[in-house]
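Engineer: Predicted model follows, preceded by the sequence.
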Amino acid sequence: MTRDRLFSFVLLPLLLVAVGVLAYFTFRTTLQIDKLRQQSVLEAALGLANEKAHRLDRQIIDQDNVLVAVVDPESLGELGERWLPTAARETPTVRAVLVLDENKTVLAFASRASGAYYDEEAFRRLLVQRITVDMQLAEVPNDELRHLHREYASQSYLVSYWYRARAGRRYLVVAWHDVGRIVKETLPTLYSERPTPGETAAPQSRVNVVDEDGRIIFGPPLRSGQFTVGVRFPTTLYNWRLQVAPTASEELSSSVQNRRMLELVMVGLSCLVVVAGVAAILVAAERERRMSAIKSDFVANVSHELKTPLALVRMFGEMLQSGRVTTAEKQREYLEIIVRESERLTALIENVLDFAKVERGRKAYELSEGDVSRAVTDAIQVYRYRAEREGVEIDLDAPTDLPPARLDDRAVGLAVINLVDNALKYAKGTKTVSVRVQMRGRDIAIAVTDQGPGVPAEERQRIFDRFVRGESTRRESRVRGSGIGLALVKHVAESHGGRAWVEAAPGGGARFLFTIPTLRGREAAQRLPPSPPARNAARVGGPDAAPSAHPPDAARLGGPDAAPSGPDGSASEPARREGGASPPPAEAD
């Protein structure tokens, strides 16, 4: 014990601390390496984004420089002749060129439009009325190229402008760049993701352009991630943002995450394996200890249940054999006691044998089409004699017009007898035990109701587990039991496709129920997906029904105990149910 405590309270915590320290430093080193790797990738992506943004700026500025050389204030009448012949080749994005004086009067206008000039006239009015106001011309020195990028009437405009001075006068030269052409022709040429004829590999990055509101102007949607960067165009389309994501950004992110998680998981798993191994040993030892105690209690209870009827049968048999009983009335009384205790012993042995088959997984029921009401009635008729001897009336309501079901008559009868026997043993003072057979949805429900103290809510599920007897029963009752009866009832119900549970009876007491599907209900259940447990409980058990949620071991067993009580029913009043044998019998003369 001292060695176990030393391991549990000293060595195990030290081992956990050591594994935790190792995991901390490993994870910290992994994070630092990942940060450096991410930083290098981000710097490369940012450099690529800046280079692509400057590429568009340079192209637009190069076109503006061509216009600077072409536009001469001294020969404004020759503007179209000097520019238009080479416009498509040297200034492909420029749609129109205008020259204004200091009073914003248009002195010269040249456009590449080949049809109606409606858009050009609209732009001329917009330029004079609004665009020149936003240019802040008073701050513009001569021969300095500037750009204005802004939306007017939900349409994006890009204009280049500069002042030229001639003969003491200043002339404003404005180049209207066609934004639509930039998006449709220039951007695809500069940022195409398709490899060029000389390239064989796919591009290493994906590009798109978005406006101030994040709407995509050009390019595919990019998944925002830790390797996606965005930069504004420096001088031209400065209200738009160029976004670049490495084509392998998702793979890089996934690789970083996977590597980090792998290293962390490996350390965590090593710690978990150690802790789980120790915990498994401790849990297994505790489970074995509890199971050993439960089985010892079971053996003691069953031994007591077997010993009592055998002792009585032997005692009264010897008295009859010795000839000391002279009156016929006493002989008849002793013979009745022997018969009752024999019946009780037989029922207990049948319960134990059935439970042993269930434990070994060899218990199988012979299901055939039959009448549930008849099976219940036959079982009650067998048990009614004993109930009458103990002054208890069995109120049976078993309609004969219920639909047929697939059942094992003997198993159903055993379950009913166990429930009725429980009512007689643990609900002392009950004058009437009610047995009802009725429809609940597609199932036939068998309900046994007593007038006893009932079953505490916190124990209504546990009592259907094997070897389990309620705490209140063991504290307040001298009634002995094996703890397998209700487990057998539950097993019978579930083997027939139903379930078993207990609920509070109206007016006090307990109501034990188990269900058996009808033939039609079984066929419907096979065609439809199974309903959730909560809905089953509401359908079958009513508002007070407790769902039959048990551990796997309990679900494999289940049901009440069917051992009749002693001839005088001697037992103190209980507050619980369980399956098992009955109390000690009455004493003889």
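Structural biologist: Perfect, I can see it now. Numbers count the residues shown, from 1 in each chain.
Engineer: What count of nearby residues applies to the nearest residue in space to Arg442 that is not next to it in sequence?
Structural biologist: Among residues not flanking Arg442 along the chain, Gly521 sits closest, at 2.8 Å (C-beta to C-beta, 6 or more residues apart in numbering). C-betas here are computed from N, CA, C, even on glycine. By the measure other C-beta atoms under 10 Å, the count of residues near Gly521 is 21.
Engineer: Name the helix or strand for Gly521, please.
Structural biologist: Gly521 belongs to helix 519-527 when assigned by DSSP states H and E.
Engineer: Name the residues of stretch 434-449 that are buried.
Structural biologist: For stretch 434-449, burial by neighbour count (16 or more other C-beta atoms under 10 Å) applies to 434-437, 440, 442-449.
Engineer: Out of these, which sit inside strands?
Structural biologist: 434-437, 440, 443-449 (DSSP state E).
Engineer: What is the nearest of those residues to Ser296?
Structural biologist: Using C-beta to C-beta, Val448 is the member of those that lies nearest Ser296, at 30.4 Å.
Engineer: Identify the residue nearest the closest one in space, chain neighbours excluded?
Structural biologist: Using C-beta to C-beta, 6+ apart, the nearest residue to Val448 is Leu419, at 4.0 Å.
Engineer: okay, the angle between whichever helix or strand the one you found is part of and strand 443-449?
Structural biologist: In the assignment (DSSP H and E), Leu419 maps to helix 409-426. Interaxial angle, helix 409-426 versus strand 443-449 (axes from the mean of the first three to the mean of the last three C-alpha atoms, to 10 degrees): 30 degrees.
Engineer: any chance you could map the strands in the stretch 1-150 of the chain?
Structural biologist: 94-100, 106-111, 146-152 (DSSP state E, counting those that start in this stretch).
Engineer: Pick the most deeply packed of those strands.
Structural biologist: strand 94-100 (a mean of 23; mean count of other C-beta atoms under 10 Å).
Engineer: Adjacent strands (with direction) for that strand?
Structural biologist: With DSSP bridges as the test, strand 94-100 is paired with strand 106-111 (antiparallel), strand 169-177 (antiparallel).
Engineer: Let's see the pLDDT reported for the residue of the chain most remote from its centre.
Structural biologist: Largest separation from the mean C-alpha position in the chain: Ala167, at 81.8 Å (C-alpha atoms, centre = their mean). With respect to pLDDT, Ala167 has a value of 83.
Engineer: try the one 3 residues further on
Structural biologist: Turning to Arg170, the model gives it a pLDDT of 90.
Engineer: Any idea how many residues pack against it?
Structural biologist: By other C-beta under 10 Å, neighbour count at Arg170 equals 15.
Engineer: Likewise for Gly452?
Structural biologist: Quick note: Gly452 (other C-beta under 10 Å) scores 25 neighbours.
Engineer: Which residue is the nearest non-sequential neighbour of it?
Structural biologist: Excluding the flanking residues, the one nearest Gly452 by C-beta to C-beta, 6+ apart is Ala427, at 2.5 Å.
Engineer: Is it correct that Leu187 is in contact with Leu56?
Structural biologist: Yes: using C-beta atoms under 8 Å, Leu187 is in contact with Leu56, at 7.4 Å.
Engineer: What is the nearest of the buried residues of stretch 434-449 to Asp213?
Structural biologist: Looking across the buried residues of stretch 434-449 and measuring by C-beta to C-beta, the closest to Asp213 is Arg442, at 58.6 Å.
Engineer: Confirm for me that that closest one is in contact with Pro517.
Structural biologist: Yes: shown here, Arg442 and Pro517 form a contact pair, counting by C-beta under 8 Å, at 6.2 Å.
Engineer: and the longest strand for the protein?
Structural biologist: strand 155-166.
Engineer: quick one, it and strand 94-100 angle?
Structural biologist: Going by the same axes, to 10 degrees, strand 155-166 makes 40 degrees with strand 94-100.
Engineer: which of the residues in strand 155-166 are buried?
Structural biologist: Buried residues in strand 155-166 (16+ other C-beta under 10 Å): 156-164.
Engineer: quick one: which of these is nearest Arg324?
Structural biologist: Arg324 has its nearest neighbour among these in Ser156, at 121.3 Å by C-beta to C-beta.
Engineer: bridging residues for that closest one?
Structural biologist: Glu151.
Engineer: Surely it touches His177?
Structural biologist: No: using C-beta under 8 Å, Ser156 is not in contact with His177; the gap is 10.2 Å.
Engineer: domain assignment for the protein?
Structural biologist: Using automatic domain parsing, the domain parsing of the chain gives 1-197, 198-249, 294-556.
Engineer: Distance to Glu286 added to these, as JSON lines?
Structural biologist: Shown next, in JSON lines, are the domains of the chain (distance: least, C-beta to C-beta, whole Å):
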{"stretch": "domain 1-197", "distance to Glu286": "12"}
{"stretch": "domain 198-249", "distance to Glu286": "47"}
{"stretch": "domain 294-556", "distance to Glu286": "12"}
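Engineer: Which residue ranges of the stretch 201-350 of the chain form helices?
Structural biologist: Ranges of helices within the stretch 201-350 of the chain are 249-322, 328-359, based on DSSP state H, counting those that start in this stretch.
Engineer: how far does the last one sit from the chain's center?
Structural biologist: By that I understand helix 328-359. Its chain's C-alpha centre and that of helix 328-359 lie 52 Å apart, by C-alpha atoms, centre = their mean, to the nearest Å.
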